[in-house]
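# Got a sequence here, can you build the structure:
(2 chains)
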Protein chains: 2
Amino acid sequence: MLNVNENYSKLPGNYLFAEIAKRVAAFKAEQPEKSLIPLGIGDTTRPLSPSVVAAMHKAVDEMGVKESYRGYGPDYGYSFLREAIRDKAYLPLGVELSIDEIFVSDGAKSDCGNIGDIFGINNVVAVCDPVYPVYVDTNVMSGRAGDFDGTRWTDILYMPCTEANGFLPELPVRTPDIIYLCFPNNPTGASATKPQLKLWVDYALKNGAVILFDAAYEAYITEEGIPHSIYEIEGAKECAIEFRSFSKTAGFTGNRCAYTVVPQALKLGGASLNKLWGRRQSTKFNGVAYVIQRAAEAVYTEQGMKEAREIINYYMNNARVIRDGLKNAGLTVYGGVNAPYIWIKTPNGADSWSFFDRLLRQANVVTTPGAGFGPEGEGFIRLTGFGDAELTKLAVERVIGIL
Amino acid sequence: MLNVNENYSKLPGNYLFAEIAKRVAAFKAEQPEKSLIPLGIGDTTRPLSPSVVAAMHKAVDEMGVKESYRGYGPDYGYSFLREAIRDKAYLPLGVELSIDEIFVSDGAKSDCGNIGDIFGINNVVAVCDPVYPVYVDTNVMSGRAGDFDGTRWTDILYMPCTEANGFLPELPVRTPDIIYLCFPNNPTGASATKPQLKLWVDYALKNGAVILFDAAYEAYITEEGIPHSIYEIEGAKECAIEFRSFSKTAGFTGNRCAYTVVPQALKLGGASLNKLWGRRQSTKFNGVAYVIQRAAEAVYTEQGMKEAREIINYYMNNARVIRDGLKNAGLTVYGGVNAPYIWIKTPNGADSWSFFDRLLRQANVVTTPGAGFGPEGEGFIRLTGFGDAELTKLAVERVIGIL
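Reported below is the predicted structural model:
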């Protein structure tokens, strides 16, 4: 008699974005004449750049001709893309990688979710609070989270990221084995300096822990001195895996391409994590579509990089409009400088869902309630710069109008 | 201190296709003037069809314009594709599905590998022998396989598929909870009739087991009366998950698109497997690229289906050339009628790897040794119809020449 993975039954039924969609749908049904502006969404809205489009057309044509048709690609990605990542994404940072340390995939969400496969079940996991829900949910599914006490998972170490610590977690009291870090941060928009990241690298090295570093938003860093990769920190290759994505750097949310770096020097628990991840991927994954890998390669051409930069600037200008507008209107505002996320304190101590509802119903603006990212997200909402510029301005005016 | 998933260390180091590549490379280094013909490979060689190419160009253009750009797609696939699958792949078989039973993904290999996530670790797994290695390896990784005794995994039930039983497994002596079946079969090329499949459906229903049915090669069925889907069997919706792929039906090995059907009626172990798989995919997967889903949709247009059929006929003609040629030369040959795979008994009781080496060195033809698919594959080699027609003919002549 089959038994299912019992851990799944522990997951709360209401997923954050499903609950938002439900409330939005209810409001639309009630007041269909109102036009809502989405300002909380983490999805990109600008089209693929001309360089990317041209590369995809060329690749499609190649696939339509016998002589240049490509069947199964290498499980870990074509060399042309892995070399471009090595040379254009890392070398300029002073980080030297070999291409066998770079694993191309269909998304950072997949990789962040699947990476748990290679670790034992009894490791202690530490996450920032608030946090991207995938880190927590996938550990619930694998049985590392314990039970949900209504607020937190009993076996997960939560590292509070609050106004008091500038949204930078402090070293946990109990020692974790797996540490999830995301900088620039989703949802708070906080970034970490080299000395701040070095603390974590030193801590992980000392304790034999692995850092799972989500750098999906590194392209949004505008300030000097903020590391774009954890490998800019000495010793990180011995303790950290880094996740990166083309989703937010080149508008690939609908194209599905990302990559994960697992250094050869990363040997923990008596094993090479590079070999383990390689085995995982070659057994449960079959590579990314050729056309998509050519699209990603085009992002690294001179013209492609210029175009990607323009898109990022567009979104960061939106972030500035939100940040400055709401700050001037008297709200307490964080993020939006090195990240496309703006983290806003609800006025008068309102809880996140109440403020979400007020913005939805009175300003007709859709946001993301901070409480959905963890207990310490309570009292905040997340806005993003990924919208249309005109609509973003209008949304900010509407929000200000109801304050 | 981090500990890794210890099950990974149990996996034998030499993966079948890696060992083949090693022997081929050694031979090439030794005799670089020889031109080798690959006849064992499971990869497609015909280009994408004109309908698919046109649909991809159109989708690329849409992605390059703000008004038609698409960011994150639905986790389970766009409705346009799920509806096409429902209406064009299943309805003609008399199988009625709703689109929420169809999950679009990046590959049947991914889905076959990841499906284990939703099951408990203590289920007993049954596999055919010989078998597609991914079923076994992924269960080793999750801890369901026990230990490798040099030939078999101690906790896996092997169902021998031999000449004696026509390569159709018999019901196992011990009762499994998870039963992997693949028809038309890789590697033996055997197919199952409705009464034969009904035995399995009835058995699973009686024992509360789930059948994981790999139908990746259903489009290669040429004979009447061979079911294309397990759901053609009464009761299968209550006990079976079906995996299908565009890889071999439309040359998508380099495009990465597949789908898995998990019926709403499939409730085992006290849970809805549809809900569990939905949760798995929405948490660890983020959908398939828009351009690729439009490509898959094009396969179901009238013209697209005609073009796909031509490609399949091309490969099946190769299969016939191999089958007839080697049969006439006195070899014992199976498969190649409802499957692109031909399963050949080695002459004079040679073991698979010896015959592989002989064909490589004397005929300069690359095959796949049956022993790589499991103990019962010993004494066989696998050939495929996926090559170029002229080269396939030449390879058959070369093989006959050394017999």
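# Can you say which helix or strand has the residue of the stretch 1-150 of chain A found nearest chain B in it?
Residue of the stretch 1-150 of chain A nearest chain B, by C-beta to the nearest C-beta: A:G113 (3.2 Å). (Glycine included, C-beta is placed from N, CA and C.) Assessed by DSSP states H and E, A:G113 sits inside helix A:108-114.
# buried residues in that helix?
A:108-114 (16 or more other C-beta atoms under 10 Å in any protein chain shown).
# Can you say which two of these are spatially most distant?
A:A108 and A:N114 (10.7 Å; C-beta to C-beta).
# related to what we said a few turns ago, quick one: mean pLDDT for the helix holding A:G113?
Confidence over helix A:108-114 (mean pLDDT, whole number) is 97.
# Can you give the contact residues for it?
A:103, A:105, A:132, A:134-135, A:138, A:212, A:214, A:216, A:243-245, A:247, A:258, A:260, A:280, A:284, B:283-286 (C-beta atoms under 8 Å, 6 or more residues apart in numbering or on different chains).
# Pull up the per-residue confidence for the closest residue to A:P375 other than its chain neighbours.
Closest residue in space to A:P375, ignoring its immediate chain neighbours: A:T151 at 5.2 Å, by C-beta to C-beta, 6 or more residues apart in numbering or on different chains. pLDDT for A:T151: 92.
# A:T151: how many residues sit nearby?
Per other C-beta atoms under 10 Å in any protein chain shown, the neighbour tally for A:T151 reads 9.
# So chain A: which segments form each domain?
Domains of chain A are assigned by automatic domain parsing as A:10-47+A:304-402, A:54-300.
# The residue nearest to A:P375 contacts A:G374, correct?
No: at 9.1 Å, A:T151 does not count as touching A:G374 under the criterion of C-beta atoms under 8 Å.
# circling back: quick check: closest non-adjacent residue to the residue of the stretch 1-150 of chain A closest to chain B.
In space, A:G113 is closest to B:K284, 3.2 Å off (C-beta to C-beta, 6+ apart).
# Please name the residues that touch that neighbour.
Contacts of B:K284 by C-beta under 8 Å, 6+ apart are A:109-110, A:113-114, A:134, A:138, B:114, B:117.
# which residues of the stretch 251-400 of chain A fall in strands?
Using DSSP state E, counting those that start in this stretch, the strands of the stretch 251-400 of chain A run over A:258-261, A:267-268, A:271-272, A:333-335, A:341-345, A:365-366, A:368-369, A:380-384.
# A:R398 touches A:A363, doesn't it?
Yes: shown here, A:R398 and A:A363 form a contact pair, counting by C-beta under 8 Å, at 4.1 Å.
# Just the closest residue of the stretch 201-350 of chain A to chain B, please.
Closest point on the stretch 201-350 of chain A to chain B, by C-beta to the nearest C-beta, is A:K284, at 3.2 Å.
# and the contacts of helix A:108-114, which are buried?
Going by neighbour count (16+ other C-beta under 10 Å), the contacts of helix A:108-114 have A:103, A:105, A:132, A:134-135, A:138, A:212, A:214, A:216, A:243-245, A:247, A:258, A:260, A:280, A:284, B:283-286 buried.
# ok, of the contacts of B:K284, which one's closest to A:R309?
A:K109 (24.3 Å).
# how close does the closest one get to B:P92?
Going from A:K109 to B:P92 by C-beta to C-beta, to the nearest Å gives 35 Å.
# picking that back up, select from the contacts of helix A:108-114 every entry located in helices.
Judged by DSSP state H, the subset of these located in helices is A:134-135, A:138, A:247, A:280, A:284, B:283-284.
# Could you single out the nearest of these to A:L273?
Once C-beta to C-beta is applied, the member of the ones in helices among the contacts of helix A:108-114 that ends up nearest A:L273 is A:R280, at 10.1 Å.
# hang on, isn't that closest one packed against A:D117?
Yes: the pair A:R280 / A:D117 is scored as a contact, 5.1 Å apart, by C-beta under 8 Å.
# who touches both of the two?
By C-beta under 8 Å, 6+ apart, A:R280 and A:D117 have these common neighbours: B:M141.
# Now do the same contact list for A:L212.
A:112, A:115, A:135, A:178-181, A:240-241, A:243.
# whoops, I mixed them up, A:V65
A:V65 neighbours (C-beta under 8 Å, 6+ apart): B:P47.
# Pull up the gap between it and B:P47, please.
Distance from A:V65 to B:P47, by C-beta to C-beta: 5 Å.
# same check, this time on A:R152
On the measure of C-beta to C-beta, A:R152 and B:P47 end up 54 Å apart.
# Just give me the residue right at the centre of chain A.
Nearest to the mean C-alpha position of chain A, by C-alpha atoms, centre = their mean, lies A:A216 at 4.8 Å.
# For the residue nearest to that residue when sequence neighbours are not counted, report the pLDDT, please.
Spatial nearest neighbour of A:A216, chain neighbours left out: A:S245 (4.6 Å); criterion: C-beta to C-beta, 6+ apart. We have a pLDDT of 97 for A:S245.
# does A:S245 have beta-bridge partners, and which?
Assessed by DSSP bridges, A:S245 has beta-bridge partners A:A258.
# check contacts around A:D202.
A:G235.
# any idea how far A:L171 is from it?
Distance from A:D202 to A:L171, by C-beta to C-beta: 10 Å.
# and if you look at A:M1?
46 Å.
# Give me the distance from stretch A:152-163 to the chain's centre.
Offset of stretch A:152-163 from its chain centre (C-alpha atoms, centre = their mean, to the nearest Å): 18 Å.
# And the helices in the stretch 251-400 of chain A?
Secondary structure of the stretch 251-400 of chain A (DSSP state H, counting those that start in this stretch): helices at A:273-284, A:290-299, A:302-328, A:352-358, A:389-402.
# Burial-wise, tell me which of the ones you listed comes out on top.
Most buried of the helices of the stretch 251-400 of chain A by mean neighbour count (mean count of other C-beta atoms under 10 Å in any protein chain shown) is helix A:290-299; its value is a mean of 26.
# Setting aside sequence neighbours, what's the nearest residue to A:T283?
B:D137 (5.0 Å).
# On the three-state scheme, A:T188 is what?
Put simply, A:T188 is coil when judged by DSSP: H, G, I helix; E, B strand; the rest coil.
# list the contacts for it?
So A:T188 contacts A:130, A:161, A:167, A:334-335, A:341, A:343, A:380 (C-beta under 8 Å, 6+ apart).
# please redo it, this time with the cut-off set to 10 Å
A:128, A:130-131, A:161-163, A:166-168, A:182, A:334-335, A:339, A:341-343, A:370, A:373, A:376-377, A:380, A:382 (C-beta atoms under 10 Å, 6 or more residues apart in numbering or on different chains).
# Please identify which of A:R152 and B:P47 sits among more neighbours.
Between A:R152 and B:P47, counted using other C-beta under 10 Å, the more crowded position is B:P47 (20 against 17).
# Next, find the distance separating that one from chain A.
4 Å (C-beta to the nearest C-beta, to the nearest Å).
# isn't that residue right next to B:F252, touching?
No: in this structure, B:P47 is not within contact of B:F252 by C-beta atoms under 10 Å, at 11.6 Å.
# Need the overlap of contacts for those two.
In contact with both B:P47 and B:F252: A:M63, using C-beta under 10 Å, 6+ apart.
# residues in contact with A:G208?
A:175, A:177, A:239, A:268-269, B:1-3.
# go with 7 Å
A:268, B:1-2 (C-beta atoms under 7 Å, 6 or more residues apart in numbering or on different chains).
# swap in A:Q303?
Taking C-beta under 7 Å, 6+ apart as the criterion, A:Q303 is in contact with A:S51.
# how about stretch A:5-14 as PDB, C-alpha atoms only?
Listed next in PDB are the C-alpha coordinates belonging to stretch A:5-14 (Å, rounded to 0.1, in the frame of the first residue of the first chain):
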ATOM      1  CA  ASN A   5       5.600  12.000   1.600                       C
ATOM      2  CA  GLU A   6       3.900  13.000   4.900                       C
ATOM      3  CA  ASN A   7       5.900  16.200   5.100                       C
ATOM      4  CA  TYR A   8       3.800  17.700   2.300                       C
ATOM      5  CA  SER A   9       0.700  17.500   4.600                       C
ATOM      6  CA  LYS A  10       2.500  19.900   7.000                       C
ATOM      7  CA  LEU A  11       2.600  22.700   4.500                       C
ATOM      8  CA  PRO A  12       0.100  25.400   5.200                       C
ATOM      9  CA  GLY A  13      -2.600  25.400   2.500                       C
ATOM     10  CA  ASN A  14      -2.600  29.100   1.800                       C
END
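# Noted, bye for now.
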